[in-house]
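A.B. asks: Next one to model:
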Amino acid sequence: MLLRLAYLAVTNTFTLLRLLPRSERDKDIEILALRHQLLVLQRQVGKPVFTDTDRAVLAGLLHHLPIDTLRQLLLLVSPDTI
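C.D. replies: I've put the predicted structure just below:
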């Protein structure tokens with residue numbers, strides 16, 4: 001599990017570096033497209049199963065956001081479980 005978490009940290013770091021030169025508009029469009037894809041997948045798939053690594057990554061990404069903002073986001077898990 002620790003190796004997988006390290007791998008995800010490295011890949012997310014490279015993803016962040018890839019996003020730096022993009023404009024805010026491009027990022028907003030990508031976020032909207034990803035949210036729509038998530039809605040489509042949620043209609044087609046049953047309840048997802050999260051691993052401990054998945055939970056750790058989500059917690060690391062989302063812990064900086066206020067709870068009110070988390071409740072407004074389209075997430076597969078509730079903010080209470082993170």
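
A.B. asks: Would you agree residue 70 is in contact with residue 64?
C.D. replies: No. Look at residue 70 against residue 64 with CB atoms under 8 Å: they stay out of range, at 10.2 Å. Bear in mind the C-beta positions are built from the backbone N, C-alpha and C, glycine included.

A.B. asks: Compare the two (neighbour count), which wins?
C.D. replies: residue 70 (15 against 7; other CB atoms under 10 Å).

A.B. asks: So what's the residue count around residue 59?
C.D. replies: Applying other CB under 10 Å, we find 12 residues neighbouring residue 59.

A.B. asks: any idea how far the residue nearest the centre of the chain is from residue 43?
C.D. replies: Taking CA atoms, centre = their mean, the centroid of the chain lies closest to residue 58, which sits 6.1 Å from it. Residue 58 sits 21 Å away from residue 43 when distances are taken as CB to CB, to the nearest Å.

A.B. asks: Kindly list the longest helix within the protein.
C.D. replies: Counting by DSSP state H, the longest helix found in the chain is helix 24-44.

A.B. asks: Could you list the residues in contact with it?
C.D. replies: 19, 74, 76 (CB atoms under 8 Å, 6 or more residues apart in numbering).

A.B. asks: And these, which is closest to residue 3?
C.D. replies: residue 76 (24.0 Å; CB to CB).

A.B. asks: Pretty sure that closest one sits against residue 48.
C.D. replies: Yes. Counting by CB under 8 Å, residue 76 touches residue 48, with 5.5 Å between them.
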